[in-house]
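Enquirer: Quick one, fold the following:
(one chain, ligands or ions: 1)
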Amino acid sequence: MKLHIAVAQMGPIARSDTRRQAVARLCDMLEDAAGRGAKWVTFPELALTTFFPRWTIDDTQELESFFETEMPGKETQPLFDRARKLGVGFYLGYAEIAGDRRFNTSILVDSTGNIIGKYRKIHIPGDAQSQDGYPIQHLEKRYFEVGDLGFPVFDAGDTRIGMCICNDRRWPETYRVMGLQAVDLIMLGYNTPTGYGRLGEPRHLPLHHNHLSLQASAYQNTCWIAAAAKAGVEEGIHMIGGSCIVAPTGEIAVQALSEDDEVINYVCDMSLADGYRGNIFHFERHRRPEHYRAIVDRVGSSRSPF
Ligand code: CDV
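Expert: Residues are numbered from 1 along each chain as shown. Next comes the predicted model:
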């Protein structure tokens, strides 16, 4: 079976940009992807606003202006309408308020404009308080709870689709839990700054680690991965691009070249996974879960330097 998919990378979104402006950009890229024949489009993490967790925001009203209370809401409805008109499904990342709980969320919307899946980010990186001495703050732990939905996989026609969000892509457990549910395609969005974390890290490394994680995971879990960045200089912080579609061979099939709004697309041969699933990664025959106890029993290795 062939599945034509697209990834819609976004350039920066300014703090002052409105939802209407962001949604118009998403609609334009949906149109572009559909025009090329794509049936699914992956948008970035927090695709409706700037990456607000880079700031300490104490004003509740301002903070809540970055969150969605309903999906679709008045301002996001046009994206759903456009998807239905074009007959294209999509993944969308956004900040969700559910009662008094806040999550970093993604949804899977089918080609009739219906939400068929929801995921809430599990690996929440960064800190709850801003850290002295770090040029880039990353305060997701201040604003988001750990997701409570696990890593579900959804049936979308003949394709089993899973989702994760940004930092999740660095953790092998993310993919293996979905691999064990026979996932065919994992969609994910990310916002990754250059220069976060280890001080003095060479500037090329974040992009290298991005592709390293995606390529190894697609191969080891015999699935396609569609990964969409928010890229470019957003509010003074450089965000990596490198949005891509990765094959179960571990190869990058296609990659964005710009750090701006850019659609990339690829006709995926879904049978590429079969050779691996039937042999080297035949899970039932070769996995040895009796030796993997530590993965669920232990959280860390107690060798953390801090
Ligand atoms: N949005 C993210 O989850 N960003 C992290 C940063 C903090 C490194 C990432 O893993 O890319």
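
Enquirer: what are the phi and psi angles of the residue nearest to Leu86 when sequence neighbours are not counted?
Expert: Closest residue to Leu86 apart from its sequence neighbours, by Cβ to Cβ, 6 or more residues apart in numbering: Ala34 at 4.0 Å. From N, CA and C alone the C-beta is placed, and that goes for glycine too. Dihedral angles of Ala34 (phi, psi; degrees, to the nearest 10) stand at phi -60, psi -40.

Enquirer: next one: Asp297
Expert: Dihedral angles (degrees, to the nearest 10) for Asp297: phi -80, psi -30.

Enquirer: give the contact list for it.
Expert: Counting by Cβ atoms under 8 Å, 6 or more residues apart in numbering, Asp297 touches no other residue.

Enquirer: going forward can the numbers begin at 292, since that is how I track them
Expert: With the count now opening at 292, the last piece we talked about shows up as Asp588.

Enquirer: gap between the residue nearest to Leu377 and the ligand?
Expert: Noted for Ala325: a distance of 28 Å to the ligand, by Cβ to the nearest ligand atom, to the nearest Å.

Enquirer: burial count for that residue?
Expert: By the criterion of other Cβ atoms under 10 Å, Ala325 has 20 neighbours.

Enquirer: My read is that Asn512 contacts Val468, right?
Expert: No: counting by Cβ atoms under 8 Å, Asn512 stays clear of Val468, with 9.5 Å between them.

Enquirer: How much space separates Glu355 from the ligand?
Expert: 20 Å.

Enquirer: With His529 instead?
Expert: For His529 relative to the ligand (Cβ to the nearest ligand atom), the value is 13 Å.

Enquirer: Which helix or strand contains that residue?
Expert: Counting by DSSP states H and E, the element that carries His529 is strand 528-530.

Enquirer: which residues in the stretch 442-591 of the chain form helices?
Expert: Along the stretch 442-591 of the chain, the stretches classed as helices by DSSP state H, counting those that start in this stretch are 463-470, 496-511, 563-568, 574-577, 584-588.

Enquirer: who's in contact with Pro426?
Expert: Gly486.

Enquirer: now it: how far from His529?
Expert: Here Pro426 is placed at a distance of 11 Å from His529 (Cβ to Cβ, to the nearest Å).
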